[in-house]
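# turn this into a model:
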Amino acid sequence: MPLETVRAFDTLIDKVVAQGNRWSMLEHFKGYFGALAAVLSRAGPNPT
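You can find the predicted model right below:
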């Protein structure tokens, strides 16, 4: 993943978590995106 993408995502998360606990919000995002990645990996290389 390009470094610019990582930085942009980190900036977005910082804006979202400014309203609460950073650690718990990061765990929330990790759980959501981890579950999404699992679904996409089961869909195969060309989900349509």
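# could you pull out the helices for this protein?
3-17, 22-43 (DSSP state H).
# and the helix or strand of the chain with the lowest mean pLDDT, what other elements does it pack with?
In the chain, no helix or strand scores lower on mean pLDDT, DSSP states H and E than helix 22-43, which sits at a mean of 76. When contacts are defined as 3 or more C-beta pairs under 8 Å, 6 or more residues apart in numbering; DSSP states H and E, helix 22-43 packs onto helix 3-17. Where C-beta positions appear, they are placed from N, C-alpha and C, glycine not excepted.
# contact partners of the helix it packs on?
22, 25-26, 29 (C-beta atoms under 8 Å, 6 or more residues apart in numbering).
# next: stretch 21-29.
In contact with stretch 21-29 (C-beta under 8 Å, 6+ apart) are residues 13-14, 16-17.
# mind running it again at 10 Å?
9-10, 12-14, 16-20 (C-beta atoms under 10 Å, 6 or more residues apart in numbering).
# and for Phe29, the neighbour number?
The number of residues packed near Phe29 is 14, by other C-beta atoms under 10 Å.
# oh sorry, the question was meant for Asp14
Neighbours of Asp14 (other C-beta under 10 Å): 11.
# separation between it and Phe33?
16 Å (C-beta to C-beta, to the nearest Å).
# equivalent analysis for Ser24, please.
For Ser24 relative to Phe33 (C-beta to C-beta), the value is 15 Å.
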